[in-house]
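Asker: please find the sequence and the predicted model below.
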Amino acid sequence: MRKNKKKSNLWKIILILFFVILLFVGTSIISSRNKLVDIEVKDVDYIEIIANKSQVMQTIKNNKEIKEIVYSLNKLRGKKSNRDTSADTINYINVYFNSGKKIEFVKSGQVIRVDNKWYALNRRNSKLIEKIINKYQTID
């Protein structure tokens, strides 16, 4: 009787462990769905932000500010789309890497172009980009 109870407890532990691993793998797959970019902060040299509303270009080289911007850009999600023709202003965020490559983000209304591919943004992601642009549209 005692041996049977130990096997039952071991089976329960294995079953719980299996579902925890399954839950972890499932959430990591779902969270990476529709992700636009995955940028490593250590690979970024500097960031240029061009706000067309105020006709200002800012170059950001401060590591703390780069980290904040890259963290926000990595949170962006979107679905592939065609360009929205009813765009009001176009804003740019250029991320330059130590290797010399760059990623260009072009926000136009509710769509964004990332390396010549257009994505539709929801309201939360659109406000995330606008927050970055508005923070750096004034000259220091």
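Answerer: Yep, that arrived. Numbers count the residues shown, from 1 in each chain.

Asker: what's the nearest residue to the residue nearest the centre of the chain if we skip its chain neighbours?
Answerer: In the chain, the residue lying closest to the centroid (CA atoms, centre = their mean) is Asn74, at 2.2 Å. Distances taken as CB to CB, 6 or more residues apart in numbering place Ile39 nearest to Asn74, at 5.9 Å, with adjacent residues excluded. All C-beta spots, glycine's among them, are computed from the backbone N, C-alpha and C.

Asker: the one you found should be in a helix, yeah?
Answerer: No: assessed with DSSP: H, G, I helix; E, B strand; the rest coil, Ile39 is coil; it does not lie in a helix.

Asker: separation between it and Leu10?
Answerer: Distance of Ile39 to Leu10, given as CB to CB, to the nearest Å: 44 Å.

Asker: please enumerate the strands of this structure.
Answerer: 44-51, 56-60, 79-80, 90-97, 102-108, 111-114, 117-120 (DSSP state E).

Asker: quick one: closest of those to Asn134.
Answerer: For Asn134, the closest of the strands of the chain is strand 44-51, at 7.7 Å, according to CB to CB.

Asker: now do the same end-to-end measure for stretch 35-50.
Answerer: Stretch 35-50 has an end-to-end distance of 23 Å (criterion: CA to CA, to the nearest Å).

Asker: flag every buried residue along that stretch.
Answerer: Buried residues in stretch 35-50, counted by 16 or more other CB atoms under 10 Å: 36, 39, 44, 46-50.

Asker: mind putting those into JSON lines with pLDDT?
Answerer: Below are those laid out as JSON lines (pLDDT from 0 to 100):
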{"residue": "Leu36", "pLDDT": "86"}
{"residue": "Ile39", "pLDDT": "90"}
{"residue": "Val44", "pLDDT": "93"}
{"residue": "Tyr46", "pLDDT": "94"}
{"residue": "Ile47", "pLDDT": "94"}
{"residue": "Glu48", "pLDDT": "92"}
{"residue": "Ile49", "pLDDT": "91"}
{"residue": "Ile50", "pLDDT": "88"}
